[in-house]
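Trainee: take a look and give me a structure for this.
(4 chains)
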Protein chains: 4
Amino acid sequence: MIIVLKPEATKIQADEILAKIESLGLKPLYMPGSERVVLGALGDERVLERLHLENHPIVESVRRILAPYKLVSREMHAHDTVVDLRGVPIGGPRFVVIAGPCAVESRDQMERTAKAVRAAGAAALRGGAFKPRTSPYAFQGLGKEGLEILRETADALGMPCVTEVVDVDDVELVDRYADAFQCGARNMQSFRLLKSLGQSRKPVILKRGMAAKVEDLLLAAEYILAEGNPGVILCERGIKTFETATRNTLDLSAIPIIKQKSHLPVLVDPSHGTGIRELVPAMAKAAAACGADGLLVEVHCAPEEALSDGRQSLSPEQFATLMKAMEPFAAAAGRSLGPGGPSTR
Amino acid sequence: MIIVLKPEATKIQADEILAKIESLGLKPLYMPGSERVVLGALGDERVLERLHLENHPIVESVRRILAPYKLVSREMHAHDTVVDLRGVPIGGPRFVVIAGPCAVESRDQMERTAKAVRAAGAAALRGGAFKPRTSPYAFQGLGKEGLEILRETADALGMPCVTEVVDVDDVELVDRYADAFQCGARNMQSFRLLKSLGQSRKPVILKRGMAAKVEDLLLAAEYILAEGNPGVILCERGIKTFETATRNTLDLSAIPIIKQKSHLPVLVDPSHGTGIRELVPAMAKAAAACGADGLLVEVHCAPEEALSDGRQSLSPEQFATLMKAMEPFAAAAGRSLGPGGPSTR
Amino acid sequence: MIIVLKPEATKIQADEILAKIESLGLKPLYMPGSERVVLGALGDERVLERLHLENHPIVESVRRILAPYKLVSREMHAHDTVVDLRGVPIGGPRFVVIAGPCAVESRDQMERTAKAVRAAGAAALRGGAFKPRTSPYAFQGLGKEGLEILRETADALGMPCVTEVVDVDDVELVDRYADAFQCGARNMQSFRLLKSLGQSRKPVILKRGMAAKVEDLLLAAEYILAEGNPGVILCERGIKTFETATRNTLDLSAIPIIKQKSHLPVLVDPSHGTGIRELVPAMAKAAAACGADGLLVEVHCAPEEALSDGRQSLSPEQFATLMKAMEPFAAAAGRSLGPGGPSTR
Amino acid sequence: MIIVLKPEATKIQADEILAKIESLGLKPLYMPGSERVVLGALGDERVLERLHLENHPIVESVRRILAPYKLVSREMHAHDTVVDLRGVPIGGPRFVVIAGPCAVESRDQMERTAKAVRAAGAAALRGGAFKPRTSPYAFQGLGKEGLEILRETADALGMPCVTEVVDVDDVELVDRYADAFQCGARNMQSFRLLKSLGQSRKPVILKRGMAAKVEDLLLAAEYILAEGNPGVILCERGIKTFETATRNTLDLSAIPIIKQKSHLPVLVDPSHGTGIRELVPAMAKAAAACGADGLLVEVHCAPEEALSDGRQSLSPEQFATLMKAMEPFAAAAGRSLGPGGPSTR
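Mentor: So this is what the prediction gives:
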């Protein structure tokens, strides 16, 4: 940690801070310059946070040297983590596509959609039972009934399924039905929920918050790993910017950054990332090209009747076309869309 | 609602949509132009959302005419709402300052801080027992013990107190100790929590999310009012932008916008809004000048030892100086810092 | 155009506005609703802008139906425009890579870099002679001498070359040396410069401004086309957001949006778009995957000695590796990196 | 400057960099830690930029300790600079309001508007002759004729006047007519223009760019001061964010930051800052409260007929009301709206 002192700081004040640093077992450094005195503290910076040096009246700024996360860091764990989604490995050679409707609306809707996405090559099924909606007047999901429909549909087709959990109280319930939890963008910093998911043994798909930096996402993942659950799958789904042509701005550069800083697998959600059906294929291909481990895509058997986010949902035909179009891009990235290697499809 | 059709839309397709609009009891309008056909639907737009016209393949865009919120709207309720915080009216002639530490750390810290803020003119006490922290390695709050300390300190001084609630499961517990709930920026769209707070009868200070538009904030408030709790106090605390000189960008123009669109009172949090102690006084004065109903300010008896957010906390002396400096600005805005009218201080 | 009136608007006021609309030869529409009166005006919305209805005291909001640009619009010109960069067609089957240093620093630097990028398959050479720099103390470019070096280097290798023009006064000078003008992000709304470039007959690479929406970029291009120069090549190079892990946030979803709305070709600059050398390859591949027509890449013969933006420059070896790695992605997108068809390389 | 090396850096590589630092006359520091080696370089960091250490392959990151600007810095010049706008001191006890239409449209419009703003207490007149407009189809200003009208109107009333200059070629022309140059947000990083304005002896009102950090604004001002013109007046006018309720997000916290970091005076433009007439008064008061030295306000004699930005223009009556309402806020800030002291009005 680098501590820049204000111009008026005295040597005695600097010595006080250096003594505190030393008392925590860290190596203190004194660097007097012509305009400012700079102090250093080398060692585990998590220990240093206890000193709260940024509060000190003679401290101008404090800058960390090391990343604030540990367990998710590639420095601690050099090799890519592969998370098992009930038999589907995420983070390995397969480019995994998880598809389904934004919300579970009915048994018929789920069956038709699920059959279509399975036939087109999706590896797992998605569908929301608890929907966080900006307006209290919008459809809020079927709740437990939705979970039952999702599970039965997935079982009938032999697919793993994932669904969003929005509250600590639902973790146990969702755990009974789903093969993986999805933690949505609005809950990326619901730390109580993160801790609860950390105590589960099922994978967690953790979506980046709309105002979260990549570092914030990695710290949110650290909450889950710190509780003992290593099965975190990150997901880029767009951030809030001034651009209004898209619902969010899909930050694909987050993918290579995450791959550089962390060993965790990462998906891209081009549906929420753009909010516009017509843009999904281009961004899905780009996701494969820049190193993502898979996609989370919204597909609805009848998008024009969808109760939520129909504008961004693909029809079964559009999804089948996309999956076919994805093949050469996945192959170019050394991946395969199917369970075998790159050459099997 | 205005529905713009794609250039290729046929008259038959337009008629289908018009029939759907009429079937919901709304007035349909057909407006053929030289380059596009535009449809209109006049009436309660909440009903129209059921049609999900934005999903329709021949629809280019859908634009609402009316605001999506109702209960929080000034059109529905022309006069300013005054929320009673255990005897302290928020939204009336008094400019209400709620002050205290970011986190309750100890009985001694709370006592010293509370006495100081009360002496300087604060109307209510704040202090966090459950702290949402970006890093799992940071201080997470004292929990129930913190609530007890907060309550006892407030009672000893005869002040109302407010504290953050971060999870549905804590609502009952917090309700036993606090006079108002604080719903933090990270939970502004934790809709389950909003509904739970809507079932309480205590006021809720609802802070704007870091990526939330003013409209999103008003919709979040609508969740609480729709459940029956009219006591919502909004709070502007900064949004995420590219500027890094401040922790967040305090969007003071949100104050007159909220006053124009809603009847609810609104506070400003210049501490989180800037993240920098030295900027708090200027932004506190600006908040009073642009029409805010009060402040939420962080004060710590020894900021350099604070376990969280010390960098933005005022010392008791700085707070006392601020309160004195605020007087002419509150008076210029037709407000008073004390319980009487503008002339009493 | 849709004009929403304020609740208090009278029928007489509405009629006044309708009369104005009709007087301009547009079709007026009157749509009285239960809560608001809405007016419509169908026809060329550019004419309507003369009425400045958004200023009118009884008007709540004005919403355009049609895009504000015409000449750059795909509706006006359905087929992709291919711009000829001195023999290199941009916007056709070739995925065009324009490479070179951020700034021309010396004859030796340009020669070494140019030979390397040509050998690796770059179609054209780039290099800045006039450098817009945030700090007045940073290297500002070699000026005319830089242009001479660029031209001679390009001629020696038989490559077209492009360079940035930062001021109207330099247009003639740059025109003498370069095969295409580059208009940088900071000048995207230097309208005088845009008009001047519109009077040239050489192609213009127009980079998106850091705070510009896609619509703003298309309107900037409209300035150039409106002056008679059809040879505009758009370029996405990242926008300003709250994320600090990258220098800018590369908005790749802009590519399919631009392709949907406009007939103009579009490049991606992954060097400025990320600011980090290690991220360039991933984003270059993603650019090809999502439909870009080519790249603008910074390459320096000795990045560690570069006078500007070395942190984002590839070494010749890294560039050669990238070009090889790009091939399957370009092929998957139906493009070729070389002058022939997809199969020639 | 602090230089963090990558984990794989060797002692020999570190020594090489230390030798370079020393060769520039700076003090090198070697700080080996358990996970990273950190180097320091103490002295004038502008010199260090020549080393381009951020480009070096073993360097992970480089962090400046000192601000990158010098001449605009309060550390170099502790006392507030007061800029003389032809007899009106900006930055002193008078809170200076500069008012007028967005664009000069006609002699009649200027006369009516100017008389009204003068009567209400405006200290100077504004009006644009060269208008940067997003669309090529929008009104672009009257050019030289507009300058003549502005000058004559100002002279007739004995007021100083300011107008925007958008291009280097116009500097001489504008200099003949205006008492101060206005450099608009879109040109804040038109460095050639900044240098040209730096060679003038008239004051420059420099508006913050829509994507510019406060630091970028101060660096832009440094360009002007570095050329010899000390008369820079900064202006906050809103930045681009995700919020769409306002045209821009007025970042008032920039005011106390600028006052902390720089000695230059700073104005606020609440008209462009919000884009909405109804919000102007609240933000004008807030500007005075947080320490701004004055305002730049759009007033039009008939806002509903304005050729540009009428939506944000005040009518003469609204402006007169605002000026009256500003008085107690200016007084609370220790300022006066008139030429005398706080007590004269």
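
Trainee: wait, is A:Glu111 part of a helix?
Mentor: Yes. Read with DSSP: H, G, I helix; E, B strand; the rest coil, A:Glu111 is one of the residues of a helix.

Trainee: check contacts around the residue nearest to it when sequence neighbours are not counted.
Mentor: Counting by CB to CB, 6 or more residues apart in numbering or on different chains, A:Glu111 lies nearest to A:Thr153, which is 5.8 Å off, once chain neighbours are set aside. Where you see a C-beta, it was placed from the backbone N, CA and C, and this is true even at glycine. With contact taken as CB atoms under 8 Å, 6 or more residues apart in numbering or on different chains, A:Thr153 is in contact with A:Arg107, A:Met110, A:Glu111, A:Ala114, A:Leu125, A:Gly127, A:Cys161.

Trainee: next one: A:Thr153 from C:Gln312, what distance?
Mentor: In this structure, A:Thr153 and C:Gln312 are separated by 47 Å, where distance is defined by CB to CB, to the nearest Å.

Trainee: hang on, the earlier thing: and the contacts of A:Thr153 as CSV, adding secondary structure and neighbour count?
Mentor: Conversion of the contacts of A:Thr153 to CSV gives the following (DSSP: H, G, I helix; E, B strand; the rest coil; neighbours: other CB atoms under 10 Å in any protein chain shown):
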residue, secondary structure, neighbour count
A:Arg107, helix, 13
A:Met110, helix, 24
A:Glu111, helix, 16
A:Ala114, helix, 27
A:Leu125, strand, 27
A:Gly127, coil, 30
A:Cys161, strand, 26
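
Trainee: all strands of chain A, in order?
Mentor: Taking DSSP state E as the criterion, chain A contains strands spanning A:2-5, A:27-32, A:37-42, A:59-63, A:83-85, A:88-90, A:96-100, A:124-126, A:161-164, A:180-183, A:204-207, A:232-236, A:266-268, A:294-298.

Trainee: between these, which one is closest to chain D.
Mentor: Ranking the strands of chain A by proximity to chain D (CB to the nearest CB) places strand A:37-42 first, at 3.4 Å.

Trainee: can that closest one be said to contact chain B?
Mentor: No. Remark: strand A:37-42 sits outside contact range of chain B, by CB under 8 Å from any CB of the partner chain, the gap being at least 15.2 Å.

Trainee: give me the helices and strands touching that strand, please.
Mentor: strand A:2-5, helix A:11-23, strand A:27-32, strand D:27-32, strand D:37-42 (3 or more CB pairs under 8 Å, 6 or more residues apart in numbering or on different chains; DSSP states H and E).

Trainee: so what touches it?
Mentor: The contact list for strand A:37-42 (CB under 8 Å, 6+ apart) reads A:1-5, A:9, A:14, A:17-18, A:21, A:26-32, A:48, A:65, D:2, D:31-34, D:38, D:40, D:42, D:65.

Trainee: which among those residues count as buried?
Mentor: Applying 16 or more other CB atoms under 10 Å in any protein chain shown to those, the neighbour count classes A:1-5, A:9, A:14, A:17-18, A:21, A:26, A:28-29, A:31, A:48, A:65, D:2, D:31, D:33, D:38, D:40, D:42, D:65 as buried.

Trainee: close to chain C: what parts of chain A are there?
Mentor: With the criterion set to CB under 8 Å from any CB, chain A comes near chain C through A:211, A:213-215, A:239, A:241-246, A:249-257, A:260, A:273-274, A:278-279, A:282-283, A:285-291, A:328-329, A:331-333.

Trainee: which of those are close to chain D?
Mentor: A:Thr241, A:Phe242, A:Thr244.

Trainee: so which of those residues wins on neighbours?
Mentor: Of all these, A:Thr241 has the most neighbours under the rule other CB atoms under 10 Å in any protein chain shown, reaching 27 neighbours.

Trainee: so, low pLDDT: which residues of chain A?
Mentor: Counting by pLDDT under 70, the ranges of chain A that qualify are A:340-345.

Trainee: residues in the stretch 51-200 of chain A within reach of chain D, list them.
Mentor: For the stretch 51-200 of chain A, the residues in contact with chain D (CB under 8 Å from any CB) are A:Arg63, A:Ile65, A:Leu66, A:Glu75.

Trainee: excluding chain neighbours, what is closest to the third one?
Mentor: In this case it means A:Leu66. Excluding the flanking residues, the one nearest A:Leu66 by CB to CB, 6+ apart is A:Glu45, at 5.2 Å.

Trainee: now the one you found: how far from chain C?
Mentor: Separation of A:Glu45 from chain C (CB to the nearest CB, to the nearest Å): 18 Å.

Trainee: angle of the longest helix belonging to chain A against strand A:294-298?
Mentor: Using DSSP state H to define each element, chain A has its longest helix at helix A:316-332. Computed by axes from the mean of the first three to the mean of the last three CA atoms, to 10 degrees, the angle separating helix A:316-332 from strand A:294-298 equals 170 degrees.

Trainee: so how far is helix A:316-332 off the chain centroid?
Mentor: The gap between the average C-alpha position of helix A:316-332 and the chain average comes to 23 Å, counting by CA atoms, centre = their mean, to the nearest Å.

Trainee: and the angle for that helix with strand A:96-100?
Mentor: Using the same axes, to 10 degrees, helix A:316-332 lies at 170 degrees relative to strand A:96-100.

Trainee: ok, A:Val82 to chain D distance?
Mentor: Taking CB to the nearest CB, one finds A:Val82 at 24 Å from chain D.

Trainee: how about that residue, nearest residue that isn't a chain neighbour?
Mentor: Using CB to CB, 6+ apart and skipping the chain neighbours, the partner closest in space to A:Val82 is A:Gly91 (4.2 Å).

Trainee: how about the one you found, phi and psi?
Mentor: Summarising the backbone geometry of A:Gly91 under the convention degrees, to the nearest 10, its torsions are phi 110, psi 0.

Trainee: that older thread, dump the helices and strands packed on strand A:37-42 into a markdown table; add distance to B:Glu172 as well.
Mentor: Below are the helices and strands packed on strand A:37-42 laid out as a markdown table (distance: least, CB to CB, whole Å):
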| stretch | distance to B:Glu172 |
| --- | --- |
| strand A:2-5 | 43 |
| helix A:11-23 | 41 |
| strand A:27-32 | 48 |
| strand D:27-32 | 52 |
| strand D:37-42 | 50 |
